[in-house]
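A.B. asks: everything below, folded, please.
(one chain, ligands or ions: 1)
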Amino acid sequence: MKSLKMFVAIAIVVAVSFSLVSFEMGWVVPAADAAIRNPVTTSAASVAAGKTEYTAKCKMCHGATGVGVGTMAKPSNFTLPAFKAQTDGAIFYKINSGFDKMPSYKTKIADANTKWNIVNYLRTL
Ligand code: HEC
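C.D. replies: Modelled structure (predicted):
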């Protein structure tokens, strides 16, 4: 019984430290993904298509202006210089991977060009 309690205690300590490590590391984009070039040249048509998709699937959390609806999209804010400084590839990766409360759109939006259109739209916010 004593060793079982000890085991449970150790398991809890290990689980907590792992979650702290991933919290510290945050949302890491692999360099190879950040370097991927956006194959969809931005245009009025691409931005409009991206906006339609964003309005249907992202606006409820990120808001019409990209600053976030209440705390739904915290800490993201598409209008900040820190967001804009990221490469298109990094933004595309984040849409696919998701993180914490941000859903993964890897299969929810299967078509890659649809996601590149969204990236082009986010650039206009
Ligand atoms: C359920 C709410 C929710 C929905 C729906 C949602 N997001 Fe997010 N999103 C988040 C949250 C929360 C974060 C911040 C995650 C973090 O950093 O902890 C985020 C972060 C992001 C980021 C990274 C921002 C940065 O600062 O680098 C991008 C890009 C993004 N979302 C795009 C999208 C797109 C595109 C869609 C729609 C296809 C979408 N999100 C739908 C909640 C949501």
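
A.B. asks: so, low pLDDT: which residues of this structure?
C.D. replies: Applying pLDDT under 70 to the chain flags residues 1, 7-24.

A.B. asks: contacts for stretch 83-102, please.
C.D. replies: Under the contact criterion Cβ atoms under 8 Å, 6 or more residues apart in numbering, stretch 83-102 has outside partners 27, 29-30, 33-38, 61, 72-73, 76-78, 104-106, 109, 115-116, 118-119, 122-123. (Glycine included, C-beta is placed from N, CA and C.)

A.B. asks: what does N77 show for phi and psi?
C.D. replies: phi -160, psi 110 (degrees, to the nearest 10).

A.B. asks: identify the residue nearest it in space, chain neighbours excluded?
C.D. replies: Leaving out its chain neighbours, the residue that sits closest to N77 by Cβ to Cβ, 6 or more residues apart in numbering is V67, at 5.2 Å.

A.B. asks: what residues does this protein have near the ligand?
C.D. replies: 27, 57-58, 60-62, 72-76, 83, 86, 91, 94-95, 99-103, 105, 118 (Cβ under 6 Å from any ligand atom).

A.B. asks: switch the cut-off to 5 Å
C.D. replies: 57-58, 61, 73, 76, 83, 91, 94-95, 99-102, 105, 118 (Cβ under 5 Å from any ligand atom).

A.B. asks: ok so, going back, quick one: which of the contacts of stretch 83-102 sit in helices?
C.D. replies: Counting by DSSP state H, these place D33, A34, C61, K115, W116, I118, V119, L122 in helices.

A.B. asks: what about the fourth one, neighbour count?
C.D. replies: It stands for K115. Using other Cβ atoms under 10 Å, K115 has 21 other residues around it.

A.B. asks: dump the residue contacts of it.
C.D. replies: F92, I95, N96, Y105, I109.

A.B. asks: what strand or helix carries the residue nearest the centre of the chain?
C.D. replies: Taking Cα atoms, centre = their mean, the centroid of the chain lies closest to K94, which sits 3.5 Å from it. Assessed by DSSP states H and E, K94 sits inside helix 88-97.

A.B. asks: follow-up on the earlier one: and the residues of the chain next to the ligand, which two are furthest apart?
C.D. replies: D100 and I118 (19.4 Å; Cβ to Cβ).
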